[in-house]
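Visitor: A predicted structure for the sequence below; I have some questions about it.
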Amino acid sequence: MITIYNFPRGARGVRAFWVCEEMGVPYRAEAVSFPPSEAYRALNPMGTVPFLEDEGGVAINESTAMMLYIAERYGPTPLLPAKDDPALAKVLQFTVYGEGTLGSGMNPLMMAKFGAPDAEKDIWMTRALYGRMETALDIVAKALGDGPFIAGETFTLADISVSTAIDMWKGALGKDTPPALAAWRERVQSRPAYLRAAAAQQR
Ligand SMILES: N[C@@H](CCC(=O)N[C@@H](CS)C(=O)NCC(=O)O)C(=O)O
């Protein structure tokens, strides 16, 4: 069975829980304390969460790779369109973008907010990165257009990846959801599978 390690309320772990919940794939949620123990670092030397293990020695420490793995390994699923579906490129683009552009751009901002000395929080790099994240979120809003979902009529991995990045933008960084994304975010995060995923760490 899949095991997903996560910090309590860690947004990126919710990506993997959520995909499992949408697909009905069983998984075990394992809480990781901060700072991570030596035993955890022996499994995942980066010491980051989430971390996924599955039968056959599968070990993944990138949340969007976990999403794609679960969809491919336990699919097919409407969350990931088939090879010949015209929506495939947009789903892959925004699934990866949720972490490759958004999540990885927000990490240094979280480090500055929670780790930097006060005098070094508001430096050129953090100001530039906040601006870059705002531009990146505008691009999501343009891709969504009139919706209902990022890749069109069907809810996919792209919606999961990007909406959980906005959880970090709002939660850890204390920023507002861009108004053009608010109704979509509420729509996707009222799905029963999301609500179960968000509670998964407490089970
Ligand atoms: N690109 C990785 C990022 C993982 C990551 O940075 N996770 C954060 C928590 S959400 C973390 O573990 N931070 C502590 C650290 O980097 O030591 C992913 O998508 O899973």
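Guide: Received, thanks.
Visitor: where exactly do the helices run in the protein?
Guide: Ranges of helices within the chain are 11-23, 38-43, 63-74, 88-97, 104-115, 124-144, 157-170, 179-188, 192-199, based on DSSP state H.
Visitor: can you lay out those helices as CSV showing mean neighbour count?
Guide: Glycine gets a C-beta too; all of them are placed from N, C-alpha and C. Shown next, in CSV, are the helices of the chain (neighbours: other CB atoms under 10 Å):
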stretch, mean neighbour count
helix 11-23, 25
helix 38-43, 12
helix 63-74, 21
helix 88-97, 19
helix 104-115, 15
helix 124-144, 14
helix 157-170, 25
helix 179-188, 16
helix 192-199, 16
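Visitor: could I get these as a markdown table with mean pLDDT and distance to residue 56?
Guide: Output for the helices of the chain, formatted as a markdown table (pLDDT from 0 to 100; distance: least, CB to CB, whole Å):
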| stretch | mean pLDDT | distance to residue 56 |
| --- | --- | --- |
| helix 11-23 | 97 | 17 |
| helix 38-43 | 97 | 16 |
| helix 63-74 | 98 | 10 |
| helix 88-97 | 98 | 23 |
| helix 104-115 | 97 | 28 |
| helix 124-144 | 98 | 35 |
| helix 157-170 | 98 | 22 |
| helix 179-188 | 97 | 31 |
| helix 192-199 | 97 | 24 |
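Visitor: switch the ones you listed over to TSV; also include distance to residue 32.
Guide: Formatted as TSV, those follow (distance: least, CB to CB, whole Å):
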stretch	distance to residue 32
helix 11-23	9
helix 38-43	6
helix 63-74	14
helix 88-97	24
helix 104-115	17
helix 124-144	26
helix 157-170	17
helix 179-188	26
helix 192-199	17
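Visitor: quick one: closest of these to residue 53.
Guide: Residue 53 lies closest, by CB to CB, to one member of the helices of the chain: helix 38-43, at 7.4 Å.
Visitor: tell me if that closest one is near the ligand.
Guide: No: applying CB under 6 Å from any ligand atom, one finds helix 38-43 separated from the ligand by no less than 10.2 Å.
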